[in-house]
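K.L.:
A predicted structure for the sequence below; I have some questions about it.
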Amino acid sequence: MLESYATSTATALVSALAAREISAVELTAAAIEHIERLDPPINAVVVRDFERAREAARGADVALARGERSPLLGLPMTVKEAHNVAGLATTWGSPEFKDWIAPADSVGVARLKAAGAIILGKTNVPPFLADWQSANPIYGRTNHPLDPTRTPGGSSGGGAAALAAGMVPLEFGSDIGGSIRVPAAFCGVCGHKPSFELIPQRGHAPPGVEGAGVDLGVVGPLARSVADLELALSVLAGPDEDRAVGYRLQLPPLRHARLADYRVLVLDTHPIAATDSEIRSAIADLASRLDAAGGDVARQSELLPDLAEAHGAYLAILGPIMSRGAPPQPNATSAHAWMQALDVQWAFRRQWAALFKAFDVVVAPAFGVVAFEHQTADFQARTLTINGRVTLYMDQLAWPAIATLANLPATSVPIGATKAGLPIGVQVIGPYLEDLTALGFARLIGDL
């Protein structure tokens, strides 16, 4: 098992731990060795907590020897730098927070620890999680494991790079503009953006900002397999303690066990965001294989909401969210405009609910290009050349926004590679709170 650590899934490692085929101490030592050896040119695991990890591993072995079992008992992993871990710095990539130490774990981190996970440290992010690159003035830049001239994505880019490089088997990230799905697609790993509020956001906020999470934002896992995402979700999902007084989580089961029973809408073009021809070709190949497997595959539908209008609605909500904690601006969104934006969001949510009566899942690009070369720090100067045409960098928000605006679950899963060997990923979008359908379908297409 130690020989295959770099490619082993979290599910397989947990099984090996429970069967006493390997100890938590041995597994943690292997993880630390891989990080120390592999990370220097990548710079993914930027906050390290190895001594406490070794101590936790010893405790896990004692528990395993007593016959105790829990979903992640003895499994080493990392979490995104933006999640609070008691005793570690949380900076969100901003120098103004470089000395802030979290007094307590976030809800998600606490649940991972309660399930037996061993937190090795934290992975790199862009400032305020606002980029598809992971570089900041405190920790520097994270590079793609396959090509140091390229980004692994953002904002959960450090975590995706650590997974793809073989340093860790599981990561805890977050997503509001593709921050789980895009790095997963760029690095050839899996990631799940849960339905909104399925996992509490408490403890995932800039220092000094407490209380409720933000609209649109979610926290969720990245892993080497969809089964690992399902395992992590079983630990992370459920109401926060105040809601748990009166609410219990019971997600609907996946809609179908066979690909042949799925009704699939496949999208490969967007009125706002261009899509590289190699990605469209990979999606066309996937659609053909779904057809051959007996699935009911459509390339268009009158039920699909207007994607350009939906993107405008998304931006109207995202803008005020991303200004949280900044000084008041003269052009700030008024309360009435904010409420109107939420009304528009609700209307789009109803349209998507109607679509999912006719379809089970939607398959779409996670992003319009594969991992791109590092870009300048000046956002206004950034462009992406797609199919020979120069396009605006931020237009690519449109692909992640499809699921985000409507609060839908979306699973990012690899489906191939470019001629140059860079991973291609898609997002499988499911109905609201039917996360198990999105995950289950993503797992099935991995077997095609």
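P.N.:
Looks like it arrived, so ask away.
K.L.:
near residue 95, how many other residues are there?
P.N.:
11 (other Cβ atoms under 10 Å). For every residue, glycine as well, the C-beta is placed using N, CA and C.
K.L.:
skip the chain neighbours and tell me the closest residue to it.
P.N.:
Among residues not flanking residue 95 along the chain, residue 137 sits closest, at 5.3 Å (Cβ to Cβ, 6 or more residues apart in numbering).
K.L.:
on the pLDDT front, check the one you found for me.
P.N.:
With respect to pLDDT, residue 137 has a value of 98.
K.L.:
let me see the contact set for it.
P.N.:
93, 94, 95, 127 (Cβ atoms under 8 Å, 6 or more residues apart in numbering).
K.L.:
most neighbours, which of those residues?
P.N.:
Going by other Cβ under 10 Å, residue 93 tops the contacts of residue 137 with 25 neighbours.
K.L.:
state the distance from the closest residue to that residue other than its chain neighbours to residue 362.
P.N.:
Spatial nearest neighbour of residue 93, excluding adjacent residues (Cβ to Cβ, 6+ apart): residue 136 at 3.2 Å. The gap separating residue 136 from residue 362 is 33 Å, by Cβ to Cβ, to the nearest Å.
K.L.:
ok, now residue 317?
P.N.:
21 Å.
K.L.:
quick one: the helices in the stretch 1-150 of the chain?
P.N.:
Listed in chain order, the helices of the stretch 1-150 of the chain (DSSP state H, counting those that start in this stretch) span 10-18, 24-38, 50-65, 107-114.
K.L.:
mind putting the ones you listed in JSON lines, mean neighbour count and mean pLDDT included?
P.N.:
Converted to JSON lines, the helices of the stretch 1-150 of the chain look like this (neighbours: other Cβ atoms under 10 Å; pLDDT from 0 to 100):
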{"stretch": "helix 10-18", "mean neighbour count": "21", "mean pLDDT": "98"}
{"stretch": "helix 24-38", "mean neighbour count": "19", "mean pLDDT": "98"}
{"stretch": "helix 50-65", "mean neighbour count": "17", "mean pLDDT": "98"}
{"stretch": "helix 107-114", "mean neighbour count": "22", "mean pLDDT": "98"}
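K.L.:
just send those helices back as CSV, with distance to residue 191 too.
P.N.:
Below are the helices of the stretch 1-150 of the chain laid out as CSV (distance: least, Cβ to Cβ, whole Å):
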stretch, distance to residue 191
helix 10-18, 13
helix 24-38, 20
helix 50-65, 23
helix 107-114, 15
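K.L.:
of these, which is nearest residue 225?
P.N.:
Within these, the stretch nearest residue 225 is helix 10-18; the backing value is 6.8 Å (Cβ to Cβ).
K.L.:
put the alpha carbons of that closest one into CSV.
P.N.:
The C-alpha coordinates for helix 10-18 follow below in CSV (Å, rounded to 0.1, in the frame of the first residue of the first chain):
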residue,chain,number,x,y,z
ALA,A,10,-9.0,7.7,0.1
THR,A,11,-11.5,4.8,0.1
ALA,A,12,-8.8,2.2,-0.5
LEU,A,13,-6.6,3.7,2.2
VAL,A,14,-9.3,3.8,4.8
SER,A,15,-10.1,0.1,4.0
ALA,A,16,-6.4,-0.8,4.4
LEU,A,17,-6.3,1.1,7.7
ALA,A,18,-9.4,-0.7,9.0
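K.L.:
report all helices and strands that that helix contacts.
P.N.:
helix 24-38, helix 50-65, helix 226-236 (3 or more Cβ pairs under 8 Å, 6 or more residues apart in numbering; DSSP states H and E).
K.L.:
could you dump the ones you listed into JSON lines and include distance to residue 177?
P.N.:
JSON lines is the format used below for the helices and strands packed on helix 10-18 (distance: least, Cβ to Cβ, whole Å):
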{"stretch": "helix 24-38", "distance to residue 177": "28"}
{"stretch": "helix 50-65", "distance to residue 177": "31"}
{"stretch": "helix 226-236", "distance to residue 177": "20"}
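K.L.:
and this structure, what are its domains?
P.N.:
2-244, 259-445 (automatic domain parsing).
K.L.:
and the pLDDT at residue 327?
P.N.:
Residue 327 is given a pLDDT of 63.
K.L.:
next one: residue 241
P.N.:
Reported pLDDT for residue 241: 94.
K.L.:
how many neighbours does it have?
P.N.:
By the other Cβ under 10 Å criterion, the neighbourhood of residue 241 contains 10 residues.
K.L.:
repeat that for residue 148.
P.N.:
With other Cβ under 10 Å as criterion, residue 148 counts 13.
K.L.:
and what of residue 390?
P.N.:
Neighbours around residue 390, by other Cβ under 10 Å: 9.
K.L.:
poorly predicted segments of the stretch 101-250 of the chain, please.
P.N.:
The model of the stretch 101-250 of the chain has pLDDT under 70 over residues 211-212.
K.L.:
could you pull out the strands for it?
P.N.:
118-123, 135-136, 140-141, 170-175, 190-193, 218-223 (DSSP state E, counting those that start in this stretch).
K.L.:
partner strands of the last one, parallel or antiparallel?
P.N.:
Okay, so that is strand 218-223. strand 170-175 (antiparallel), strand 190-193 (antiparallel) (DSSP bridges).
K.L.:
which residues are in contact with it?
P.N.:
By Cβ under 8 Å, 6+ apart, the list of residues contacting strand 218-223 reads 9-10, 83, 106, 108, 156, 159-160, 163, 169-176, 180, 183-184, 189-201, 204, 228-229, 231-233, 236.
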